[in-house]
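*Asks:* okay, predicted coordinates and the sequence, questions at the end:
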2 protein chains.
Amino acid sequence: MYASVQAKLRAFVRQENLGPGDRLPPERQLASQLAVSRTSLRQALTALRVEGLVDIRHGHGIFLLRAADDTIPPIAADLATAHPELPALGEVRNALEALAAWGAALRRGDDDLAAMVAAVREMEQEVADGTTGLRGDRAFHRAVLAAACNEVLTMLLDAIEEGSERIARASLSRPGQPERSVAAHRLILDAILVREADLARRLMSDHLELTGAISPPP
Amino acid sequence: MYASVQAKLRAFVRQENLGPGDRLPPERQLASQLAVSRTSLRQALTALRVEGLVDIRHGHGIFLLRAADDTIPPIAADLATAHPELPALGEVRNALEALAAWGAALRRGDDDLAAMVAAVREMEQEVADGTTGLRGDRAFHRAVLAAACNEVLTMLLDAIEEGSERIARASLSRPGQPERSVAAHRLILDAILVREADLARRLMSDHLELTGAISPPP
DNA sequence: ACGGGGCCAGTGGTCGGACCAGCGATGGCC
DNA sequence: GGCCATCGCTGGTCCGACCACTGGCCCCGT
């Protein structure tokens, strides 16, 4: 079962204390270490690549994109039912959310600001309670989207919501990420408050860059 | 490449007119029909299973879970065609095209470059003949999009294509605009050629800003 | 001494064949 | 007539070999 190989791989990564950007051993060696054939190992690696955990480069090696515990078991089940294509989806989401932040800075009203402040506070409360802050995070991004007053943008982001929801959940389950996200939201909120559109755009883009895949050095 | 096998599989499903719940041919037969080894076919199937398109049952067969056509286009397309002149559409298109240029700079192959060069030449020829250069313009943007290797992005831009087509036509009918567009395409092509992703993104954004008279992010 | 170009080891990618394991239906045996 | 073994079909795994790409090393020419 390729799931068992995946589990072995995660265990291996944890044991070797590997982080994002690190290179895994060659396929052949990895296969022998995990006591499976290279075929089965490649199946598992293919699955991990689709899930966006790993980047495989011909003639170069296998590179870890995110920490192994980013995808928690329950989410792995979801993965099977929805359609991911995670790296591609992450890029698009990043571009669209950045556009939303840009538009929000230009067109936000006072009630939009109030909604964002409320969302940040909610997330803070959640984090203080020890949860991931998923609700507050979602509320914030929705508030920004609403403030951008762009119907087409709203529609497209809604369309890819189920996928990006999964990204957010995986990201927020990382230790320390909720706190970092709250801080990032604060900065974005400030930029929108003073109508610094380009700054808001960049901050949002950076914020999402951290939650998404990391490109290993060439 | 497992992606090409995936494409073949989707084509096969469409050709055979298969719907959710239908069973696909056995792996061995499928592999021979698609002219790939069973190993590669299994890689593609593993990926499709992770994506939730397919259910594989040991000793039973491979079953299609959802139709291969993706769910996003219809809604957004309706809106895009209904309000093509909407500034919102221009903003979104700008952000997405900029993302395409960015991705193209990172992932373009040599054939992608060839397609872009051909598109630029075609547009030049059209402009020299006194026409608007609409065909070459479209070809260029499609080539950039193809080079970006982002399925989600392709889907979304396809969805809003009809609306943005109208924008492009209006823009190119302005005196002097075709020449300016050709020059802009040249710059973008150069940036993609040398893999300057951020520069390509900015150039594309600026290019569309001028054609659409709309000002989204850098 | 320096630069460039070709060679080579290592890596992922593909292939074909063989065998193992789960499922269902068929048919013989009781 | 009913139960169960068997067989054929399916996916799952393994192996060994070869192909294709990458990058660095080394040798040769200048």
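*Replies:* Received, thanks. As the structure is a computational prediction, the values presented were derived from the model and not from experiment.
*Asks:* the residue of chain A found nearest DNA strand D: neighbouring residues, count only.
*Replies:* Residue of chain A nearest DNA strand D, by CB to the nearest atom of the strand: A:Gly59 (2.4 Å). Where you see a C-beta, it was placed from the backbone N, CA and C, and this is true even at glycine. Under the neighbour criterion other CB atoms under 10 Å in any protein chain shown, A:Gly59 is assigned a count of 4.
*Asks:* helix/strand/coil for the spatially closest residue to A:Trp102 that is not a sequence neighbour?
*Replies:* The spatially closest residue to A:Trp102, leaving aside those adjacent along the chain, is A:Arg201, at 4.0 Å (CB to CB, 6 or more residues apart in numbering or on different chains). Here A:Arg201 is recorded as helix under DSSP: H, G, I helix; E, B strand; the rest coil.
*Asks:* per-residue pLDDT, A:Arg201?
*Replies:* For A:Arg201, the pLDDT comes out at 93.
*Asks:* sorry, back to before: shouldn't the residue of chain A closest to DNA strand D be within a helix?
*Replies:* No - checked against three-state DSSP, A:Gly59 lies outside a helix; its state is coil.
*Asks:* roughly how far apart are A:Ala119 and A:His185?
*Replies:* Distance, A:Ala119 to A:His185, using CB to CB, to the nearest Å: 8 Å.
*Asks:* of those two, who's got more company?
*Replies:* A:His185 (25 against 22).
*Asks:* show the contacting residues for the more buried one.
*Replies:* By CB atoms under 8 Å, 6 or more residues apart in numbering or on different chains, the residues touching A:His185 are A:Met116, A:Ala119, A:Val120, A:Met123, A:Asp137, A:Phe140, A:His207.
*Asks:* could you list which of those residues belong to helices?
*Replies:* Within the contacts of A:His185, residues falling in helices by DSSP state H are A:Met116, A:Ala119, A:Val120, A:Met123, A:Asp137, A:Phe140, A:His207.
*Asks:* what residues are up against the residue nearest to the first one when sequence neighbours are not counted?
*Replies:* Which is A:Met116. Leaving aside its chain neighbours, A:Met116 sits nearest to A:Ala143 (4.5 Å; criterion: CB to CB, 6+ apart). Residues near A:Ala143 by CB under 8 Å, 6+ apart: A:Asp112, A:Ala115, A:Met116, A:Ala118, A:Ala119.
*Asks:* now A:Ile188
*Replies:* So A:Ile188 contacts A:Ala101, A:Val144, A:Ala200, A:Leu203, A:Met204, A:His207 (CB under 8 Å, 6+ apart).
*Asks:* okay, and the residue lying closest to A:Leu34 once chain neighbours are set aside sits in which element?
*Replies:* Nearest non-adjacent residue to A:Leu34, counting by CB to CB, 6+ apart: A:Lys8, 4.7 Å away. Using DSSP states H and E, A:Lys8 sits within helix A:2-16.
*Asks:* any residue of that helix touching DNA strand D?
*Replies:* Yes - against DNA strand D, helix A:2-16 shows contacts by CB under 7 Å from any atom of the strand at A:Tyr2.
*Asks:* packing partners for the following helix or strand past that helix?
*Replies:* Following helix A:2-16 in sequence order, the next helix or strand is strand A:23-24 (DSSP H and E). Contact analysis of strand A:23-24 by 3 or more CB pairs under 8 Å, 6 or more residues apart in numbering or on different chains; DSSP states H and E lists strand A:61-64 as its packing neighbours.
*Asks:* C-alpha coordinates for the strand it packs on, CSV please?
*Replies:* The C-alpha trace of strand A:61-64 is given here as CSV (Å, rounded to 0.1, in the frame of the first residue of the first chain):
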residue,chain,number,x,y,z
GLY,A,61,17.1,14.8,-6.8
ILE,A,62,14.0,14.9,-4.6
PHE,A,63,13.5,18.0,-2.6
LEU,A,64,11.2,18.6,0.4
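*Asks:* quick one: average pLDDT of that strand?
*Replies:* Strand A:61-64 comes out at a mean pLDDT of 88.
*Asks:* against which helices or strands is that strand packed?
*Replies:* strand A:23-24, strand A:54-57.
*Asks:* turn those into CSV, including mean pLDDT and mean neighbour count.
*Replies:* As requested, these are exported to CSV (pLDDT from 0 to 100; neighbours: other CB atoms under 10 Å in any protein chain shown):
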stretch, mean pLDDT, mean neighbour count
strand A:23-24, 90, 16
strand A:54-57, 85, 17
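*Asks:* CSV for the ones you listed, including distance to B:Val152?
*Replies:* Listed next are the helices and strands packed on strand A:61-64 as CSV, based on distance: least, CB to CB, whole Å:
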stretch, distance to B:Val152
strand A:23-24, 27
strand A:54-57, 18
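*Asks:* for DNA strand C, which of those is the nearest?
*Replies:* strand A:54-57 (4.4 Å).
*Asks:* in its sheet, what does the closest one sit against?
*Replies:* According to DSSP bridges, strand A:54-57 forms sheet pairs with strand A:61-64 (antiparallel).
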